[in-house]
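Engineer: From the sequence below, what's the structure:
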Amino acid sequence: MLSLLFVAGALALELFANLISGPVQRLLGRLPGWLYPLALAGLLAAAAVATFWYERSGRHTDRPPGRAAGTGTGEGDPPIAGVRTGDRPAAQTRPAWRPDRRTLVRAGLGVAAAGVAVAAVPKLITRRAGPDPSAGPNGWTQRILKPPAKKKSDPVKLVFSPDGATLATGIQNSGVVMLWDLTSLARVILDSPAGAAAVAFSPDGAMVATMPVNTGCFDRGPVLIWDIATQRKVASLAGNMLGGSIAFGPDGKVLACGYHSDCDDDLTAGPGVVELWDVPRRRRTGRLTHPAMVARCATFSPDGTILAVGGGPRKPTGADSIMLWNPGTRRHLATLTHPDMTVLEVAFSPTGTALAGAGYGAGEAGVVMLWDPATRRNTATLTLPDALVESVAFSPDGRTLAAALATRSGHDGAVVLWDIATGSRVATLVHTGDPAVTSVAFSPDGRTLASGTSDASVRLWTKPAAQ
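Structural biologist: Numbers count the residues shown, from 1 in each chain. Next up, the predicted model:
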């Protein structure tokens, strides 16, 4: 029975530790470190006292009134058959001990407290401390976050909150979106049944939007908008097939949702579509379509006057392109093309003077192209052999471009950092054991670079102070 109580206490705490999240976990993460060993010592002491009490209770039994302890009979009692009376008291067989309910409850609480200490305290200490930093190339350090993943290949999309305090990670096949507190590394899990092909924070950091992983015209999940403070869904925007990307406008009032194809127009090979939504009113205000647009990725310029959409024709022939739209007038402004390039992601520089398109080109070599949005001129082309570029991000100062590489040969993936002015490599952050880096993002202060991989892990790279 005691063993069962111990196991029940440990399992109950394990379940509690797995269920707590959000404010409770943040509170636990901010508690001083000395409190955890103190709690462990207190729980073990309580268990020891309860156990001593339990054992001591087992050595006491009720005796009939008038009978002294250690004597065979009381004065005046009739003789007991087979017992010899005299100067030396006769030996007496010890009655069987029967514990009362209070003794059992105390013992059970003591054992359960020991189970709590053994099962929970190490978990709380681990959650508070987080993964240990380890050395990386060029003086960078890294921490690895391991979200839960249901499959071996769960590509991650990630984005920092505007204040840099939270990292949102969407895992495509696991049905969850995770919000990491970057101070305590506590995490909040948002239930997203259709997974997350893309995530985006609103400019004020109050909301996060998630694009589902839709697999067909008849299996379409909505775009979800979450309130960060309450961790609840505040909007569900019905969309189309095969979501590719989402992006908030600079004022936070417009949300652009890019889809690979428009099932409402053609169930087999309709053109791509970008839907524009009024976020406060939760209603669709417009649609951008073009016969050659697949809409794999989309992003707003910093001033909100241009929406860049990357993709290509659904036909086997034809090159991908980056289309520039005016989101206010819904007018097509220009098309930026490359002779042989598949566009997987687009990103504007912080000043809006540069636009990067990433993907792969001839010979399946990774390609990053830089464009001047004002003149529509290609200003630079970066080529990386034996890899495709799945994600790009500009540093907050606009001087560095990070490119996430997925290798074709199955070797380790990497993040390559480029100096925009010179076109030279600044650093290469190798992901040992991960062949594909699927997403990359800079923190608002530029000191941290987050990268997500195909095995659902996330690495936080810390920039050396001298750089």
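Engineer: Which parts of the stretch 151-300 of the chain are strands?
Structural biologist: 156-160, 166-171, 176-181, 187-191, 198-201, 207-211, 223-227, 232-237, 241-248, 254-261, 273-278, 283-289, 297-300 (DSSP state E, counting those that start in this stretch).
Engineer: Dump those strands into JSON lines; add distance to residue 396, mean neighbour count and mean pLDDT as well.
Structural biologist: All C-beta atoms are positioned from the backbone trio N, CA, C, and that covers glycine. JSON lines is the format used below for the strands of the stretch 151-300 of the chain (distance: least, C-beta to C-beta, whole Å; neighbours: other C-beta atoms under 10 Å; pLDDT from 0 to 100):
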{"stretch": "strand 156-160", "distance to residue 396": "10", "mean neighbour count": "24", "mean pLDDT": "90"}
{"stretch": "strand 166-171", "distance to residue 396": "15", "mean neighbour count": "26", "mean pLDDT": "89"}
{"stretch": "strand 176-181", "distance to residue 396": "19", "mean neighbour count": "22", "mean pLDDT": "88"}
{"stretch": "strand 187-191", "distance to residue 396": "25", "mean neighbour count": "18", "mean pLDDT": "84"}
{"stretch": "strand 198-201", "distance to residue 396": "15", "mean neighbour count": "24", "mean pLDDT": "92"}
{"stretch": "strand 207-211", "distance to residue 396": "20", "mean neighbour count": "26", "mean pLDDT": "91"}
{"stretch": "strand 223-227", "distance to residue 396": "25", "mean neighbour count": "21", "mean pLDDT": "92"}
{"stretch": "strand 232-237", "distance to residue 396": "28", "mean neighbour count": "14", "mean pLDDT": "90"}
{"stretch": "strand 241-248", "distance to residue 396": "17", "mean neighbour count": "24", "mean pLDDT": "79"}
{"stretch": "strand 254-261", "distance to residue 396": "22", "mean neighbour count": "26", "mean pLDDT": "86"}
{"stretch": "strand 273-278", "distance to residue 396": "26", "mean neighbour count": "22", "mean pLDDT": "91"}
{"stretch": "strand 283-289", "distance to residue 396": "29", "mean neighbour count": "15", "mean pLDDT": "89"}
{"stretch": "strand 297-300", "distance to residue 396": "16", "mean neighbour count": "24", "mean pLDDT": "93"}
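Engineer: Count the residues that sit near residue 346.
Structural biologist: By other C-beta atoms under 10 Å, 27 other residues sit near residue 346.
Engineer: same thing with residue 409?
Structural biologist: For residue 409, using other C-beta under 10 Å, the count is 8.
Engineer: Same list (the strands of the stretch 151-300 of the chain) but as JSON lines, adding distance to residue 325.
Structural biologist: Formatted as JSON lines, the strands of the stretch 151-300 of the chain follow (distance: least, C-beta to C-beta, whole Å):
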{"stretch": "strand 156-160", "distance to residue 325": "22"}
{"stretch": "strand 166-171", "distance to residue 325": "25"}
{"stretch": "strand 176-181", "distance to residue 325": "28"}
{"stretch": "strand 187-191", "distance to residue 325": "30"}
{"stretch": "strand 198-201", "distance to residue 325": "18"}
{"stretch": "strand 207-211", "distance to residue 325": "19"}
{"stretch": "strand 223-227", "distance to residue 325": "19"}
{"stretch": "strand 232-237", "distance to residue 325": "19"}
{"stretch": "strand 241-248", "distance to residue 325": "12"}
{"stretch": "strand 254-261", "distance to residue 325": "9"}
{"stretch": "strand 273-278", "distance to residue 325": "8"}
{"stretch": "strand 283-289", "distance to residue 325": "5"}
{"stretch": "strand 297-300", "distance to residue 325": "9"}
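Engineer: Kindly state which of those strands is positioned closest to residue 339.
Structural biologist: Ranking the strands of the stretch 151-300 of the chain by proximity to residue 339 (C-beta to C-beta) places strand 297-300 first, at 19.8 Å.
Engineer: who wins for proximity to residue 417 among the strands of the stretch 151-300 of the chain?
Structural biologist: Of all the strands of the stretch 151-300 of the chain, strand 156-160 sits nearest to residue 417, with 16.9 Å by C-beta to C-beta.
Engineer: Spatially, what comes nearest to residue 438 if we skip its sequence neighbours?
Structural biologist: Nearest non-adjacent residue to residue 438, counting by C-beta to C-beta, 6 or more residues apart in numbering: residue 155, 4.1 Å away.
Engineer: wait, what's in contact with that neighbour?
Structural biologist: 171, 172, 436, 438, 439, 452, 453, 454, 456 (C-beta atoms under 8 Å, 6 or more residues apart in numbering).
Engineer: By neighbours, which of these wins?
Structural biologist: residue 452 leads the contacts of residue 155 on contacts (other C-beta under 10 Å) with 31 neighbours.
Engineer: Return the list of strands paired to whichever helix or strand that residue is part of, each annotated with direction.
Structural biologist: Residue 452 belongs to strand 448-453 when assigned by DSSP states H and E. Taking DSSP bridges as the criterion, strand 448-453 forms sheet pairs with strand 437-442 (antiparallel), strand 458-462 (antiparallel).
Engineer: From what I see, residue 368 and residue 355 are in contact.
Structural biologist: No: counting by C-beta atoms under 8 Å, residue 368 stays clear of residue 355, with 11.1 Å between them.
Engineer: gap between residue 440 and residue 394?
Structural biologist: Using C-beta to C-beta, to the nearest Å, we find residue 440 at a distance of 11 Å from residue 394.
Engineer: tell me, what's touching these two both at once?
Structural biologist: residue 402.
Engineer: Who has more neighbours out of those two?
Structural biologist: Neighbours were counted for residue 440 and for residue 394 using other C-beta under 10 Å; residue 440 has more, 29 against 21.
Engineer: so who does residue 140 touch?
Structural biologist: Contacts for residue 140 were tallied using C-beta under 8 Å, 6+ apart; they are 427, 429, 461, 462, 463, 464.
Engineer: Surely the fifth one and residue 445 touch.
Structural biologist: No: under the criterion of C-beta under 8 Å, residue 463 lies out of contact with residue 445, with a separation of 9.6 Å.
Engineer: Please identify which of the two sits among more neighbours.
Structural biologist: Counted by other C-beta under 10 Å, residue 463 and residue 445 do not tie: residue 463 has more neighbours, with 21 against 11.
Engineer: Run a quick neighbour tally on residue 291.
Structural biologist: If you count neighbours by other C-beta under 10 Å, residue 291 ends up with 10.
Engineer: circling back: can I get the contacts of residue 155 in a markdown table including distance to residue 329?
Structural biologist: Formatted as a markdown table, the contacts of residue 155 follow (distance: C-beta to C-beta, whole Å):
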| residue | distance to residue 329 |
| --- | --- |
| 171 | 37 |
| 172 | 34 |
| 436 | 39 |
| 438 | 34 |
| 439 | 31 |
| 452 | 35 |
| 453 | 40 |
| 454 | 39 |
| 456 | 41 |
